[in-house]
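1. what's the 3D shape of this:
(chains A and B)
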Amino acid sequence: MDVFALFSARIANAMQVLFPEAGADLIARIVVEPPRDASHGDLSTNAAMIVAKPLGKNPREVAAALVEHFKHDADVISVEVAGPGFINFRIATPIWHQVLKSIAEQGADFGRSTLGGGEAVNIEYVSANPTGPMHVGHTRGAVFGDTLAALMAFSGYEVSREYYINDAGSQIDTLANSSFLRYREALGESIEIPSGFYPGDYLIPVGEALKAEFGDSLLAMPEAERTPLIKDRVLAAMLELIKADLARLNIHHDVFFSERTLHGPGGDIELTLAWLREMGMIYEGRLEPPKGKAPEEWEDREQTLFRATDYGDDIDRPLIKSDGSYTYFAADIAYHRNKFLRGFKHMINVLGADHSGYVKRLQAATKAVSLNAADMDVRICQLVRLLKNGEPFKMSKRSGDLVTLADVVEEVGADATRFMLMYRRNDAAMDFDFALVKEQTKDNPVFYVQYAHARTHSIFKTAARDFPALDFSPAALAAADIERIATPAELDLVRVLAAWPRTVTAAAIAHEPHRVAFYVHELAAAFHAFWAKGKDDPSLRFVNSDDPKLTLARLALVDAVRQVIANALAILGVTAPEELS
RNA sequence: GCACCCGUAGCUCAGCUGGAUAGAGCGCUGCCCUCCGAAGGCAGAGGUCGGGGGUUCGAAUCUCUCCGGGUGCACCA
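-> Numbers count the residues shown, from 1 in each chain, chains lettered A, B, ... in the order given. Model (predicted):
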């Protein structure tokens, strides 16, 4: 049950009845939300202020009519007008009890919604070049994309998690050449790695594997024959490497889409360009040289251009390079047409900060190939600066100066990595301090939240000790005398629980999974605070040895907290431990 | 030169898409363990929301402009 959605609907209905002349568009702008200051009430709406002006009425007059309407509603304790025309509701306690009941009934599904209506959404994330292990720069996008995917799935979308393998460019030739060097090394040659080649140790096993498969037969083989063989082997190996890295963070994609499959005669790029030409979206023309570049690097020539400016981009974009091959963007247009033809009308791409200049053309491409039928949201993840005790930090084991994803996970663990990366908006640069993340104090939000979850379990343990005869099964909790939950402190906690469905929905609409992390931290804080109240006032303890019925009711509340924390952590991909080590 | 992102307490950051007296953690000053896990909690001090205009009942939020920081800018991927 979503209290806000419930009252939002009721208020909209009331407004329609009271002010039929207000159109549906106006009604739709009405917001029902918790007031910033809890002393104002449980719910607040701007309904009167939204409607008053267009109708030529006084906001307080409109508000008075609505107040009159809700005055005798049994679910409402009080309604009053405040400030410029806010209407504040105080909700009757039974509604809060219903929230607890629905948490118990829905369990892991509490907060799940039908917002997406089962529509397919394609979320592309990571898409790191398959030329080596993942480094820390990729990690933020990986966690963000994976969490967003979980959030959207929880909100009723049919989510497809996709990884685009850039396996067609010149960097793959370099990769193959680097592997060939390692192969020669494996055969006993002493090698030197020239600049421009990939120096990482991770190619050594590839060289070994090539030796095991081919013996020394590759040495005599013509390059044109040899390179494709090596490419296949090394790409497969790199992909396994990347999958293994992602698995460290429990990230798994549904689709790995190879760019190579778009190329070649009769391929998607060819078909897409033909289609674009047919639609008049391509022309031959010249571009202005970019202002920031040195003019001597600029070669003025006639190019095959995509009319990106027709779809909101800054300039038209080249599709064919001077050597006659396709540009990366040409492949990307074909790729996104492919996504659209696979049935995706909603697409989200998660990209690194260095791709911010790519956003407009990607959106232009999506609009063009779908004839404006598909939408594309690009989420940019800003840079992560690694710190240790406030000092910039470099770790390197196997890949030059880069800190790898594996290094980070090994250092701080998957839970902390995921939570900390989500405990920040994606579009702000962040510092990631290893020392802080490993700390087991309230300064560390991961720990703080997991501690709250563990604490719910420890309360049950205490209860079992004090009441050996009492039944704490889900069925017993469901049958608990929930009306005993009545003190202001308890109901405050329930209010936080009641905000969960609304938080999820808002986060899904905005594509902002970080809100889940902030919410669960807030819930943990509310829970810790209530727990501490029991220190000063024993009557507020969860376990009351002289009152088994109250204890059972309070345990139902604890169980609801446990459930909602678990649900939020599930979206974040962070484990919910029953005890801390 | 252009585009995108950021600028909120001493520090690190939220602020629910335009709402009421702008919030949290750290740090600082105090308080709370014979008591469900103190691995916690409570209270206090601390702000011109980068500056200035505009839109309206109402702006940290939208818009314009300037300042500061980051990222990117044909034929790479």
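2. and the residue in the stretch 51-200 of chain A that RNA strand B sits nearest to, how many residues sit next to it?
-> Nearest residue of the stretch 51-200 of chain A to RNA strand B: residue A:169, at 2.3 Å (Cβ to the nearest atom of the strand). C-beta coordinates here come from the backbone N, C-alpha and C atoms, glycine included. Residues within reach of residue A:169, counting by other Cβ atoms under 10 Å, total 16.
3. Same question for residue A:450.
-> Counted with other Cβ under 10 Å, residue A:450 comes out at 24.
4. do the same with residue A:107
-> 14.
5. and it, what is it in contact with?
-> By Cβ atoms under 8 Å, 6 or more residues apart in numbering, the contact list for residue A:107 reads residue A:563.
6. What is the neighbour count of residue A:43?
-> 22.
7. Tell me the buried residues in stretch A:121-138?
-> Across stretch A:121-138, burial judged by 16 or more other Cβ atoms under 10 Å covers A:121-128, A:130-138.
8. moving C-terminal of the worst-scoring helix or strand of chain A on mean pLDDT, what's the next helix or strand?
-> Lowest by mean pLDDT, DSSP states H and E among the helices and strands of chain A is strand A:391-392, with a mean of 70. Going down the chain from strand A:391-392, the next helix or strand is helix A:405-412, by DSSP states H and E.
9. tell me the average confidence for that following helix?
-> In this model, helix A:405-412 has a mean pLDDT of 89.
10. contacts for it?
-> Identification of contacts with helix A:405-412 by Cβ under 8 Å, 6+ apart yields A:133-136, A:138-139, A:142, A:245-246, A:248-249, A:386, A:395-397, A:417, A:420, A:434, A:437-438.
11. mind exporting it as CSV, just the C-alpha atoms?
-> Below are the C-alpha coordinates for helix A:405-412, written out as CSV (Å, rounded to 0.1, in the frame of the first residue of the first chain):
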residue,chain,number,x,y,z
LEU,A,405,37.8,-3.2,-10.5
ALA,A,406,39.1,-6.4,-9.1
ASP,A,407,41.6,-4.4,-6.9
VAL,A,408,38.8,-2.3,-5.5
VAL,A,409,36.5,-5.2,-4.7
GLU,A,410,39.4,-7.1,-3.2
GLU,A,411,40.2,-4.1,-1.0
VAL,A,412,36.8,-3.2,0.3
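12. Quickly find the element holding the spatially most central residue of chain A.
-> A centroid search over chain A (Cα atoms, centre = their mean) returns residue A:148, at 2.2 Å, as the residue closest to the centre. Element membership of residue A:148, judged by DSSP H and E, is helix A:136-154.
13. and that helix, what's its mean pLDDT?
-> 94.
14. to the chain's geometric centre, what's the distance from that helix?
-> 4 Å (Cα atoms, centre = their mean, to the nearest Å).
15. Just checking the next helix or strand after that helix against RNA strand B, any contact.
-> Per DSSP H and E, the first helix or strand lying C-terminal to helix A:136-154 is strand A:158-165. No. Counting by Cβ under 7 Å from any atom of the strand, RNA strand B has no neighbours in strand A:158-165; the shortest distance is 9.2 Å.
16. ok, back up a step: which of the buried residues of stretch A:121-138 fall within strands?
-> Counting by DSSP state E, the part of these found in strands is A:121-124.
17. need these in a markdown table with distance to residue A:3 and pLDDT, can you?
-> Converted to a markdown table, these look like this (distance: Cβ to Cβ, whole Å; pLDDT from 0 to 100):
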| residue | distance to residue A:3 | pLDDT |
| --- | --- | --- |
| A:121 | 27 | 97 |
| A:122 | 33 | 97 |
| A:123 | 30 | 97 |
| A:124 | 36 | 97 |
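18. From these, pick the one nearest residue A:354.
-> Within those, the smallest distance to residue A:354 is 16.2 Å, found for residue A:124 (Cβ to Cβ).
19. correct me, but that closest one touches residue A:164?
-> Yes. Using Cβ atoms under 8 Å, residue A:124 makes contact with residue A:164 at a distance of 5.8 Å.
20. Ramachandran coordinates for the nearest residue to residue A:373 once chain neighbours are set aside?
-> Spatial nearest neighbour of residue A:373, chain neighbours left out: residue A:345 (6.2 Å); criterion: Cβ to Cβ, 6 or more residues apart in numbering. Backbone torsions of residue A:345, given as degrees, to the nearest 10, read phi -100, psi -20.
21. thinking again about what came up before, quick check, the helix holding residue A:148 touching RNA strand B?
-> No. Remark: helix A:136-154 sits outside contact range of RNA strand B, by Cβ under 7 Å from any atom of the strand, the gap being at least 10.8 Å.
22. Tell me what angle that helix forms with strand A:158-165.
-> Counting by axes from the mean of the first three to the mean of the last three Cα atoms, to 10 degrees, helix A:136-154 lies at 160 degrees to strand A:158-165.
23. Only the buried residues of helix A:136-154, if you could.
-> A:136-154.
24. Show me the domain layout of chain A.
-> Under the assignment automatic domain parsing, the domains of chain A span A:3-91, A:170-248, A:441-572.
25. Could you provide those domains in a markdown table, with additional columns for mean pLDDT?
-> As requested, these are exported to a markdown table (pLDDT from 0 to 100):
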| stretch | mean pLDDT |
| --- | --- |
| domain A:3-91 | 89 |
| domain A:170-248 | 95 |
| domain A:441-572 | 91 |
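26. The residue of chain A most remote from its centre and RNA strand B, how far apart?
-> Each residue of chain A has a distance to the centre, and by Cα atoms, centre = their mean the biggest one is for residue A:220: 49.8 Å. Counting by Cβ to the nearest atom of the strand, to the nearest Å, the gap from residue A:220 to RNA strand B is 30 Å.
27. Tell me the spacing between that residue and residue A:44.
-> From residue A:220 across to residue A:44, the span is 79 Å (Cβ to Cβ, to the nearest Å).
28. for residue A:155, same thing?
-> On the measure of Cβ to Cβ, residue A:155 and residue A:44 end up 24 Å apart.
29. try residue A:197
-> Note on residue A:197: its distance to residue A:44, by Cβ to Cβ, is 63 Å.
30. what's the most buried one of the domains of chain A?
-> With neighbours taken as mean count of other Cβ atoms under 10 Å, the domains of chain A reach their highest mean count in domain A:441-572, at a mean of 18.
31. what about that domain, near RNA strand B?
-> Yes. Against RNA strand B, domain A:441-572 shows contacts by Cβ under 7 Å from any atom of the strand at A:441-443, A:447-448, A:451, A:454-455, A:458-459, A:461-462, A:502, A:506, A:510, A:512, A:514-515, A:518, A:525, A:528-536, A:538, A:540-543.
32. How about the contacts made by residue A:505?
-> By Cβ under 8 Å, 6+ apart, the neighbours of residue A:505 are A:2, A:5, A:113, A:115, A:155.
33. try 7 Å this time
-> Taking Cβ atoms under 7 Å, 6 or more residues apart in numbering, we find residue A:505 in contact with A:113, A:115, A:155.
34. Share the number of residues neighbouring the last one, please.
-> Around residue A:155 there are 22 other residues, counting by other Cβ under 10 Å.
35. I figured it hits residue A:504, correct?
-> Yes. Here residue A:155 lies in contact with residue A:504, judged by Cβ atoms under 7 Å, at a distance of 6.3 Å.
36. list residues touching both of those two?
-> What both residue A:155 and residue A:504 touch, as defined by Cβ under 7 Å, 6+ apart, is the set residue A:113.
37. other SSEs contacting the helix or strand harbouring residue A:244?
-> Using DSSP H and E, residue A:244 sits in helix A:223-248. Packing partners of helix A:223-248 (3 or more Cβ pairs under 7 Å, 6 or more residues apart in numbering; DSSP states H and E): helix A:170-186, helix A:204-214, helix A:405-412.
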